[in-house]
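Asks: Here is my input; please provide its structure:
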Amino acid sequence: SAFPIHPDLLKGSKKRLRVDDQLETKLLLRFERIQTALEREGVAWEPTNRKGARVGTGRIGERQQAFTIFLHSIQGHVNVRCVSPIGRINIEARTEEIARAARGLPIRLAAVFDPRFRCYNLTAEADVLLGDRASDAERAKWIVRSTTRAADHLEARLLELDEDANAFHGDLTEEATVER
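Replies: I've put the predicted structure just below:
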């Protein structure tokens, strides 16, 4: 340690870890299987260099919607989070309109202020806990479908456009490096 530690504090019994050393490998394999299942549904993936996060684009009819999925845990339970960008918007001027447009959608709205444009980057986010491995693919399809459809709906209602998914590529790649 970089700090002095009293020798009495270094004494104690050894305890076994609650998880084995193969857990990370097993969970990442489950995450890869989820990605494969989503790819069979038409998702196009961006190359990745981060474990536990992947940027993709899905189709909703003739429209496209970018998203990022994350693998992590919530109090020891395996979770997949999906984040899909909506776009830049002046929230203060349109709070009621945003609330009406989002009412009833199965997502959380997240807003991050971007001082470069003096507006907010708005995203749709949702999580699903994984349980039985046999249902991983269906749960992941549901969370991606729910989140991207909600983001696309809000993009169409609030911004009246279908932003090219490539426009969000830089932000999504950065998003994949930030754990929330």
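Asks: Okay, the residue nearest the centre of the chain and residue 20: tell me how far apart.
Replies: For the chain, the residue nearest the mean C-alpha position is residue 82 (3.1 Å; Cα atoms, centre = their mean). Counting by Cβ to Cβ, to the nearest Å, the gap between residue 82 and residue 20 amounts to 28 Å. The C-beta positions use only the backbone N, C-alpha and C, and glycine is treated the same way.
Asks: cool, residue 141 as well?
Replies: With distances taken as Cβ to Cβ, residue 141 is found 29 Å from residue 20.
Asks: between those two, who's got more neighbours?
Replies: Neighbour totals were compared for residue 141 and residue 20, and residue 141 leads with 17 against 10 (other Cβ atoms under 10 Å).
Asks: circling back to that earlier point, check contacts around the residue nearest to the centre of the chain.
Replies: Contact analysis of residue 82 by Cβ atoms under 8 Å, 6 or more residues apart in numbering lists 67-70, 125-127, 143-144, 146-148.
Asks: pretty sure it is in a strand, no?
Replies: Yes. Read with DSSP: H, G, I helix; E, B strand; the rest coil, residue 82 is one of the residues of a strand.
Asks: quick one: low-confidence parts of the protein?
Replies: Applying pLDDT under 70 to the chain flags the ranges 1, 17, 162-180.
Asks: can you give me the helices for it?
Replies: Read by DSSP state H, the chain holds these helices, from start to end of the chain: 23-40, 91-102, 136-154, 169-175.
Asks: looking at those helices, which is buried most?
Replies: Mean neighbours per residue, mean count of other Cβ atoms under 10 Å, is largest over the helices of the chain for helix 136-154, with a mean of 21.
Asks: Thank you kindly, that will do.
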